[in-house]
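Engineer: sharing a sequence plus its predicted fold:
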Amino acid sequence: MLSSPGIGSGLDVNGIVDQLMAIERRPLNRLEADKRDFEAQLSSIGQLKSSLSTFQDTLDNLKTLDAFEVYTAASSNEAAFTATTDSNAAVGTSTIQVNKLALAHKMGSVAIADTETTTLGGAGDQITLTVAGNAFTVNGGGLTLSQLRDAINDAPDNTGVSATIITENTGSNRLVLTSTSTGNVNAMSLSFTGSLGTALGLTDITDPTQLDSEVVLDGLYTITRPGNTIDDAISGVTLNLTGVSTAPAGLSITRDIDAVKTSVQAFVDGFNELRATMKGMSGSDSVLDSTLRSIESQMRSVFNTAPAGLTTGFTYLTEVGVTFQRDGTLALEADDLEAAIASDFAGFADIFANDSEGYLFRLDSAIENFVTFDGLLDTRKNSLTSSVRSVEDRIFEMEFRLGLREQSLLDQFQALDSLMGQLQGTSDFLTQQLATLPTISTGRN
C-alpha cells in the first residue's frame, strides 16, 4: 500500500475517493436530515406540552370559587382584630368587641434551690400530664429540675406540654409548664406517684376555666372559642383576634372587584400566551399542525358549549366581559365585567369556576387529555423518539458500511496507482533503450 496515494501515477486518489464517497453518502445525508426533522418535531412537542402545562397551572390556580367570588374584609380597629374572607362571605357590616383573648394554661412549681444538683421526689416517682384527654407519663423521681424539664420536653409521646425553668434569683428556680394549645379544652391536668408532686408543688398560673377567647358580635351574640382565630362564627369570614377592646369595632365585607379582575386577566393572559406559542408553531410540520388543530378545536368547543345545570344569569364568557378578538386572542372588557359582578356575583364566579361546568374546569379537563401521561402528546413524543432511534441505528449501520466502502475504494485506487507507476517505469526504460539504438540510414546516392 502506498503511503502517499498518487505519487506513482500522479492520480489524485484521495480527491477521487472523496468525490465517489460524496455520492455514496447521499442516502446517509437524507437519513441525517430525517433525524434533524424528527428532533425538531420532538422539540416542538416538548415546547407545546410545556406551554399547555403552564396554562393548566394557571387554570389550577383559578378554577376555584375563591379566585372569582372574592370579598375583602376591613376592621376599624386592627389592634383588636383583623379578618379574611372566602367565597362563602356576604356583603355587609357587623360590630365586633373582643372581651378576652384565648390563653394557654400555665402551671408553676414552688421555688427550688438549684437546677443541677437538688433531686426531686424519690426513685421511681412519675408525673402523668394530660391535655385534651391525651396523657403521657414521665419518670421524674430523682431527677434535678433541669433533667425533669428535659424529660418532659423530650418525651416521645408528649401530647402538648412545654416545660421551662424561670430563675427568679439565687436559690429560687421554678418549673413552669405551659400547654402548647390555647383554650379551656387544652388545660393541663396532672397526677403523681410518690413524693414528686409534693416536691414540685405545681399550682395554676392561669385559670384553667378562663382560657377561651370571647367576642361579642353586633352587641348581641357572645362567641367563645379555644383559639384566637375564629372561622366558624360568621359565614365565610375568619376573625383573627389581636387584642382586647373596650368598645365595639366595625367589620365591613365588600366585593373585591380588583382581585376579581386580576383573576380574570390572569386567565386571559394565560390563554393568549398559549395561543401565541401555538400560532408560532403552526405550518412547521403537517403532523404537528394536525395536533395543534385538534387542541384548538377542543378548546374552541369548550368556549362554544354553554355550561349545563348552572342557575346563573350567564351562559357565555362574552356576557361577563371576556371576548374573542379577530386574531383568536381573548380580551377583557372591564365595564362588562363590573356590570356582571354587580348583577350576579355568585353566578359570575360559577360560570368561571364551578367545579364541574365552569369554563376553566372544562378547559382544564380538555388540556389534561393532551398533557397527561400516555396522552396525545406523549403518544406523539414516544412515536418520534422511536423514529429517532430507528434512524440513528440506520445511520450507524450505514456509516459502518460507508467506512468499509471508502477503504475498499482507497485500496483499489492505490493498487491502480501502483500499477500505473510500474507501467510508467517500464515505459521510461523502453524509451531510454530505444534511444541508444543506432540510426539506420535510408538515404539515396
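Structural biologist: It's in.

Engineer: give the buried residues for the longest strand seen in the chain.
Structural biologist: What stands out as the longest strand in the chain, according to DSSP state E, is strand 172-182. Buried residues in strand 172-182, defined by neighbour count with 16 or more other CB atoms under 10 Å: 173-179, 181-182. C-beta here means a position set from N, CA and C on the backbone, and glycine is covered the same way.

Engineer: and for stretch 227-243?
Structural biologist: 227-228, 230, 233-234, 236-242.

Engineer: G270: which of those residues is nearest?
Structural biologist: G236 (27.1 Å; CB to CB).

Engineer: quickly list the domain ranges of this protein.
Structural biologist: 1-70+257-415, 71-101+212-255, 104-204 (automatic domain parsing).

Engineer: check which helices and strands the longest strand of the chain is in contact with.
Structural biologist: Applying 3 or more CB pairs under 8 Å, 6 or more residues apart in numbering; DSSP states H and E, we find strand 172-182 packed against strand 104-108, strand 126-131, helix 145-153, strand 161-169, strand 188-192.

Engineer: what does the fourth one rub up against?
Structural biologist: Applying CB atoms under 8 Å, 6 or more residues apart in numbering, the external contacts of strand 161-169 come out as 108, 111, 115, 129, 131, 136, 145-146, 148-149, 152-153, 173-180, 188.

Engineer: any idea what the closest residue to P248 other than its chain neighbours is bridged to?
Structural biologist: Among residues not flanking P248 along the chain, T95 sits closest, at 3.8 Å (CB to CB, 6 or more residues apart in numbering). Judged by DSSP bridges, the bridge partners of T95 are G250.

Engineer: one more: V215?
Structural biologist: Assigned bridge partners for V215, using DSSP bridges, are V98, I223.

Engineer: what residues of the helix or strand where D57 lies count as buried?
Structural biologist: For D57, the element it lies in under DSSP states H and E is helix 26-62. Residues of helix 26-62 classed as buried by neighbour count (16+ other CB under 10 Å): 28, 31-32, 34-35, 38, 41-42, 44-45, 48-49, 51-52, 55-56, 58-59, 62.

Engineer: quick one: the helices in this protein?
Structural biologist: Under the criterion DSSP state H, the chain contains helices at 13-24, 26-62, 145-153, 196-200, 257-281, 286-304, 334-343, 345-353, 359-371, 376-436.

Engineer: surely G321 touches A342?
Structural biologist: No - with contacts counted by CB atoms under 8 Å, G321 stays clear of A342, the gap being 11.9 Å.

Engineer: find the nearest non-adjacent residue to G270, please.
Structural biologist: Closest to G270 by CB to CB, 6+ apart is T58, at 3.6 Å.

Engineer: what's the answer for D232, then?
Structural biologist: In space, D232 is closest to R225, 7.9 Å off (CB to CB, 6+ apart).

Engineer: then D364?
Structural biologist: That would be L59: by CB to CB, 6+ apart, it lies 4.4 Å from D364.

Engineer: and the residue most central in space within the chain, what pLDDT?
Structural biologist: When the chain is reduced to its mean C-alpha position, the nearest residue by CA atoms, centre = their mean turns out to be D57, at 8.1 Å. With respect to pLDDT, D57 scores 93.

Engineer: do the same with G10
Structural biologist: Looking at G10, the pLDDT reads 63.

Engineer: cool, T305 as well?
Structural biologist: pLDDT at T305 comes out at 92.

Engineer: who are the contact partners of the nearest residue to it once chain neighbours are set aside?
Structural biologist: Excluding the flanking residues, the one nearest T305 by CB to CB, 6+ apart is R362, at 7.6 Å. By CB under 8 Å, 6+ apart, the contact set of R362 is 302, 305, 307.

Engineer: gap between the second one and G347?
Structural biologist: Relative to G347, T305 is positioned 18 Å away (criterion: CB to CB, to the nearest Å).

Engineer: good, wrapping up.
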